[in-house]
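Participant: Sequence and predicted structure below; questions after.
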Amino acid sequence: MFTVKNIFYGALDWGLGHATRSVPIIKQLLKNNNVILDVTPLTKLIFDEEFPELKKIDLPAYDVKYSKVFPLWIKLGLSFPRISQIIAEENKALQNIISENKIDVVISDNRFGLYSDKVHSVFITHQLFLKAPVFENFGSKINQNYISKFNEVWIPDYEEESKSLSGELSHGNISFHKNVKYIGPQSRLADVITDVEKDKYDYLILLSGPEPARGVLEKTLFEKVKQSDKKVAFVRGSDLVVRSWEKNIDVFDFPSKVELKKLILSSKKIICRSGYSTLMDMHLLGKKDLILIPTPGQTEQEYLADRWKEKFGAKTILQSQIKNLTL
């Protein structure tokens, strides 16, 4: 970490995971540094709650959306020209931010344009190597080319591969970069203190990620849960009003971190996406009875679901097979 520096910190707005996992890192930085935050309308939800006192500067949103037709890796390929333009815009904006705010260090959680030759630049990621059914090596080369522009890479995982939560995504031939550090799993929930009512819920359904995938899974799981008499907590990750709920379901749109930790620890089983930030939360809170539903077509989540099934005993089910899930 750094001391007595002016730091500009940004997080990708692909869901809330990059912002939430940034919270403990930012808190550590604040012990000895001044921190200014990059925000988009989505990441602002987390950063305003956690750091209301910090200066925030708006940058362009990546605004990644899933497709109902194409797998994510195809959608990202088709969106590459637009995303490349956003990367160029944020890099241009960063140069002014550095000058106007006397920035010494820039730290980016997966925002590719937040680097500069003028200051020390750090990139945070758990994906040095991409997963895709085709063009995997090509995609990884593009990813690594962007990452190589940064002075350091911080990986929120264990360095020992046998303990690794992200597996092949962050472990392999990392010789393309000379300064890679494993900083351990990160969760903003780890240090939260809360009372817990043990086994209050049979299931916690924890939804996350961009639309329309989030909404499709919500609808599918609601149809399954309303046929059950189990006590269920439903964290929607959305404030869109879509339906009335059943008596056996307690609904939460955006619970505070205290409420969320209480829900996780008070539930016997967790049903969730296999997003990496969510998995880090589960690991650091000691929750092992997981049912993982990877986002269809998101190869990273499909890989993580398989790894967690093999290494950590999680159950996995495809979204298309939820009708076969017994609650």
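Facilitator: Thanks, I have it.
Participant: do you know how far Val258 is from Lys287?
Facilitator: 17 Å (CB to CB, to the nearest Å). (Each C-beta comes from the backbone N, C-alpha and C, glycine too.)
Participant: got it, and Ser208?
Facilitator: 15 Å.
Participant: related to what we said a few turns ago, among Val258 and Lys287, which residue is more densely surrounded?
Facilitator: Lys287 (19 against 13; other CB atoms under 10 Å).
Participant: Which residues are in contact with the more buried one?
Facilitator: 264-265, 270 (CB atoms under 8 Å, 6 or more residues apart in numbering).
Participant: how about 7 Å then?
Facilitator: Lys287 sits next to 264, 270 when contact means CB atoms under 7 Å, 6 or more residues apart in numbering.
Participant: And what about it, helix, strand or coil?
Facilitator: Of the three states, Lys287 takes coil according to DSSP: H, G, I helix; E, B strand; the rest coil.
Participant: can you give me the strands in the stretch 1-150 of the chain?
Facilitator: 6-11, 34-39, 56-58, 105-109, 120-124 (DSSP state E, counting those that start in this stretch).
Participant: Which among those is found nearest to Arg21?
Facilitator: strand 105-109 (7.2 Å; CB to CB).
Participant: quick check: angle from the closest one to strand 120-124?
Facilitator: 10 degrees (axes from the mean of the first three to the mean of the last three CA atoms, to 10 degrees).
Participant: Identify the single longest helix in this structure, thanks.
Facilitator: helix 72-101 (DSSP state H).
Participant: between that one and strand 120-124, how many degrees?
Facilitator: Going by the same axes, to 10 degrees, helix 72-101 makes 150 degrees with strand 120-124.
Participant: avg pLDDT for helix 72-101?
Facilitator: Confidence for helix 72-101, expressed as mean pLDDT, is 84.
Participant: quick one on the thing from earlier: tell me which of the strands of the stretch 1-150 of the chain lies nearest to Gln227.
Facilitator: Closest among these, using CB to CB: strand 6-11, at 38.3 Å.
Participant: strands paired with the closest one, and their directions?
Facilitator: strand 34-39 (parallel), strand 105-109 (parallel) (DSSP bridges).
Participant: Point out the most buried one among the ones you listed.
Facilitator: For those, average neighbour numbers computed from mean count of other CB atoms under 10 Å are highest in strand 105-109, which has a mean of 25.
Participant: Show me what that strand is in contact with.
Facilitator: 2, 5, 7-12, 18, 22, 94, 114-116, 119-124.
Participant: Only the buried residues of stretch 124-135, if you could.
Facilitator: Buried positions in stretch 124-135, judged by neighbour count with 16 or more other CB atoms under 10 Å: 124-132.
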